[in-house]
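In: Can you look at this prediction? I've put the sequence above it.
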Amino acid sequence: MKRMNVIAVYNPDMSKLLMCKRAKNPYKGLYNLVGGKIEVENDDLNEAYRELKEETNIGKEDIELTHVMRLTYYKADFELEVFYGVLKHEVQLIEEVNKLEWIDADDDFFDMNKYAGEGSIGHMLEWIKYDMNK
């Protein structure tokens, strides 16, 4: 089974969420959470930190990640690990492939004309809010 991760990164005051604008299909031109392929089995948290560093230049010293959910897409034969964190301080972002942008944290992340994933980003972010506020 193919395994991927996504990471919801909030700025220090939690008013913005870091998104990437996809440069290729699927969802070319739409915003997505940062993340990528899990290359090492059973090392989900370290793989999330690795992808975050590669995609954005944000390291373990900049953010503490929380693993909030695993989504299994049986028909597509893949799993998606979902993490979130709040930056401890401002970080100089470095883009790998996709353009990075800070989006207002109260945007409509269920808007499928703007965001990838058929509404799944909105679903994940609602659960992250729930987890942060419990």
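Out: Nice, I can see it.

In: Neighbours of residue 97, how many?
Out: The number of residues packed around residue 97, counting by other C-beta atoms under 10 Å, is 11. Just so you know, the C-beta spots here come from the backbone N, C-alpha and C atoms, and that holds for glycine as well.

In: Check whether it really touches residue 23, as I assumed.
Out: Yes. With the criterion set as C-beta atoms under 8 Å, residue 97 and residue 23 qualify as a contacting pair; they are 5.7 Å apart.

In: tell me which element residue 82 is part of?
Out: Residue 82 is part of strand 78-86, with elements assigned from DSSP states H and E.

In: With residue 70 instead?
Out: Following DSSP H and E, one finds residue 70 within strand 66-73.

In: from the middle of its chain, how far away would that strand be?
Out: Mean C-alpha position of strand 66-73 versus that of the full chain (C-alpha atoms, centre = their mean, to the nearest Å) differs by 11 Å.
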